[in-house]
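[1] Pasting the sequence and the predicted coordinates here, then a few questions.
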Amino acid sequence: MNSNVETFNGMKVQDLVLISILSASLTAGKLALSFVPNVEVVSLLFMVYVVALGVKRTLLISVIFSTTEIFLYGFSTWVLGYYLIWPILILATGFIQGKIKSEYGFAMISGVFGLSFGFFFAVFESFFYGIAYGMAYWARGIPLDILHGASNYILAIILFNPLAKIFRSQLKQYYIR
Amino acid sequence: MNKKILSIIGVIAAVVILGALYNTYLAPTGVDGEKEVSLQVIVDKEEINEEFTFQTEHEFLGELLEEEQGALELNYDEHSGLGMMITGMLGYEVDSSSEYFHILVNGEDAEYGVSGIALKDGDEYVLELRSLSDYDGTDNGEADETEGKQVSLRVTLEKEDMDEEFTFQTEFEFLSELIEEEAETLEAEYEMTDFGLSITEILGYEIDESTEYLHLLVNGEDAETGVSGIEMMDGDEYVLDLRSFAPMNDEEEEGEASDVKEVTFIVTIDTEDIAEEFTFQTEQEYVSEMVEDEAETLELEYEMTDFGMSITEILGYEMDSSGEYLHILVNGEDAETGLSGIEIKDGDVYELQRRDF
C-alpha cells in the first residue's frame, strides 16, 4: 500500500499512524512521570511536535491524547479542560515559532504555561462549581503551579533543542511529506 | 552552557523565593499548643449526626482526623498536593461519583480540604455528607444571585400575643438552613425528621405537637412543603403562624352522635396514570380515620408521625418520601393541615395528588 495515498480529509496513512504514535508517546510520557507531582514532559513534547510537525497535526494529537485521558481516568470537568488547555499551548507555540529561534523563548512559554496551569483550571472549574471554589482551588495549588512552571522551564531549556533536532532528522529520514 | 546553568539556578532560586512568599502570606498556618475543638459528622440519609470534642496539640484538622481514625471510623485517600480526601466516616462509605463530605468551619464553608484547615481553640467543624448536584446548585454561576438574598420571616403566636418580624441576608438555599443558622435569634429549637426540619420551639414558645403546629406561608400563600423544601428567593416573605389542629381523638361521644356523611375521595398519581375516584359513607370525624377504615380498598400503607398520618403507599404505588408527597385538596382548595386534621363534612371532595417536592 502506498503510504502517500490520501485517506480521510486529505490526510495520509502515515499522518494517521504518526498522530496515533505521538499521542501514545504523550500518554506514556505522562504516566512515566506521574509519580512526581506536576513534573511532566507533555508540554515539552507538544512544543517539539509543533515545531517539527506543525500546528494542525499537533492539534489532532492533543485531541487523541485528551480523549485517552478519559479512558484512563474517567470523565470529569478537568478532562474537558484538557481539550482547551493543550490547544492553547499548541497555538501559542505555533504563534511564536517563527519569531523565536532560541530555546529560551520556548522554555519561557513552557514555564509560564506551567505556572498558569492551575489558574486556567481554577477559571474553568469556576464555571461548574462557582468562583469561591475556583479561588480555593487555585490558592491551594499555587505551590504545585510554581513547581510545574519551574520544571517545565528546566526540562525545555535542557531538552527542547536536542529533541527538536532528533525529531526533525527522523522525520526527514522516514516521513515522506 | 554556562548561561543555561545560570538560568536554571535562577529558576530554582525563584522557586525558593516564591515558595517562601507563599508560605508566609498564603499558606494556611497552624497554631501551636493545646486546643479544644468540636467535630460534628452529619449523614442525613443514614440519620447519623454525632458530635465529638477533642483536646489536641495537632495543628491541622487532617492530622487530628488521622489520629482519631478509630473513633471516627474514618477511611480516606491521600492525594498528592490536595491532601486527605475522606471516603468514609462512622461506617458510611461515600459514593464519590455523586457525593462528598462538605466541610464547615464555624458555620462557614471551608476554603481548604481537611489537611489545610488550621485548628484553632474553640473551632467547630462540621463534616456533612452532601450530593455533588447540591454543590452545583449552590455555587454554580448562580452564586452571585444567591449571595445577598434578603428575606423576611414573621412569626405570629396569636395565643401568646407575639408577632415578630425578622429580616435576614442569607446565602443559604433553603429556608430550613436559614432557620438552623438563625436558631438563636429566633429562639428556636428543632429536630430533623424524615420530612426535614421540624420546629419544636420558637420565640421561646414550646409547641404542643399534639394540638398545634406552625403553619407556613410563602408570600402570603400556603406553603406546599415544609421549611426544608422551600427554596428561598430574594425578597421572599415567610410567615410562621401558630395554628391549632382540630383535636385528633376528641370526644368520641360527638363522633357517635354525628351523622353518616358521604364524601368523594380521589387519588391521582400522575406518573403512573392512576386517577381513581371513590365514594365513602363514613361516620368518622377526621379524614385520617376514614382512610384508615378504607385502607384495604385504597391499598393503603401508612405510618403515624408527630404530624399525624403519613401515607407511604396508596393504590399499590409506593411513595418516595425524599422526592414526592401527596398533596391534599379539600373541595378543590389546598388543605391547611394533614389528613389527621381535616374534619369530614358531608358532601366534601378530598383529593390526594402526587406531587414532586
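    Yep, that arrived.

[2] Now B:Leu352: closest residue in space, sequence neighbours ignored.
    Computed as CB to CB, 6 or more residues apart in numbering or on different chains, the closest residue to B:Leu352 that is not its neighbour in sequence is B:Leu326, at 4.5 Å. All C-beta spots, glycine's among them, are computed from the backbone N, C-alpha and C.

[3] So that neighbour versus chain A, what's the distance?
    Computed as CB to the nearest CB, to the nearest Å, the B:Leu326 to chain A distance reads 35 Å.

[4] Then B:Glu212?
    As for B:Glu212, its distance to chain A is 41 Å (criterion: CB to the nearest CB).

[5] That residue and B:Asp241 touch, don't they?
    No - counting by CB atoms under 8 Å, B:Glu212 does not reach B:Asp241; the two are 10.4 Å apart.

[6] contacting residues around residue 26?
    By default, I'm working from chain A. Going by CB atoms under 8 Å, 6 or more residues apart in numbering or on different chains, A:Leu26 touches A:42, A:45-46, A:61, A:65.

[7] Sorry, I should have been clearer: chain B.
    A:139, A:142.

[8] Give me the phi and psi for the residue in chain A that chain B sits nearest to.
    Sorted by distance to chain B under CB to the nearest CB, the residues of chain A start with A:Gly130, at 2.9 Å. When quoted as degrees, to the nearest 10, the phi and psi of A:Gly130 stand at phi 100, psi 160.

[9] how many neighbours does it have?
    Per other CB atoms under 10 Å in any protein chain shown, the neighbour tally for A:Gly130 reads 21.

[10] For the contacts of A:Leu26, pick the one with the most neighbours.
    Using other CB under 10 Å as the neighbour criterion, A:Ile61 leads the contacts of A:Leu26 with 26 neighbours.

[11] That one belongs to a helix?
    Yes - read with DSSP: H, G, I helix; E, B strand; the rest coil, A:Ile61 is one of the residues of a helix.

[12] right, and it touches A:Ile21 too?
    No - here A:Ile61 lies out of contact with A:Ile21, judged by CB under 8 Å, at a distance of 9.4 Å.

[13] need the contacts of A:Leu26 in JSON lines with distance to B:Met84, pLDDT and secondary structure, can you?
    Below are those laid out as JSON lines (distance: CB to CB, whole Å; pLDDT from 0 to 100; DSSP: H, G, I helix; E, B strand; the rest coil):
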{"residue": "A:Val42", "distance to B:Met84": "27", "pLDDT": "96", "secondary structure": "helix"}
{"residue": "A:Leu45", "distance to B:Met84": "33", "pLDDT": "96", "secondary structure": "helix"}
{"residue": "A:Phe46", "distance to B:Met84": "33", "pLDDT": "96", "secondary structure": "helix"}
{"residue": "A:Ile61", "distance to B:Met84": "36", "pLDDT": "95", "secondary structure": "helix"}
{"residue": "A:Phe65", "distance to B:Met84": "30", "pLDDT": "95", "secondary structure": "helix"}
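
[14] Out of the residues you listed, which comes closest to A:Phe119?
    Set against A:Phe119, the nearest of the contacts of A:Leu26 by CB to CB is A:Val42 (17.8 Å).

[15] Leaving aside the residues adjacent along the chain, what's closest to A:Thr58?
    Nearest in space to A:Thr58, with sequence neighbours left out and distances taken as CB to CB, 6+ apart, is A:Tyr49 at 4.4 Å.

[16] cool, B:Leu175 as well?
    For B:Leu175, the nearest residue in space outside its immediate sequence neighbours is B:Ile230; the separation is 4.0 Å by CB to CB, 6+ apart.

[17] residues touching that neighbour, list them.
    For B:Ile230, the residues meeting the contact criterion (CB under 8 Å, 6+ apart) are B:174-176, B:216, B:218, B:223, B:238.

[18] how about it, phi and psi?
    Main-chain dihedrals, B:Ile230, degrees, to the nearest 10: phi -90, psi 110.

[19] Just the pLDDT for it.
    pLDDT, the model's per-residue confidence, is 85 for B:Ile230.

[20] if we can go back for a sec, looking at the contacts of B:Ile230, which one is closest to A:Tyr104?
    B:Phe174 (56.1 Å).

[21] Pretty sure that closest one sits against B:Ser228.
    Yes - in terms of CB under 8 Å, B:Phe174 counts as a neighbour of B:Ser228; the distance is 6.0 Å.

[22] Get me the contact residues on chain A for chain B.
    A:37-38, A:104, A:107, A:111, A:127-133, A:135-136, A:139-144, A:146-147, A:150, A:153-154, A:157-158 (CB under 8 Å from any CB of the partner chain).

[23] Got a ChimeraX select line for the buried ones in the residues you listed?
    Taking 16 or more other CB atoms under 10 Å in any protein chain shown as the burial criterion, the selection of buried members of those in ChimeraX is written as:
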select /A:37,38,104,107,111,128,129,130,131,133,136,139,140,141,142,143,144,146,147,150,153,154,157,158
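
[24] In helices only, show me the residues of chain A next to chain B.
    When DSSP state H defines the helices, the subset of the residues of chain A next to chain B inside them is A:104, A:107, A:111, A:127-129, A:131-133, A:135-136, A:139-144, A:146-147, A:150, A:153-154, A:157-158.
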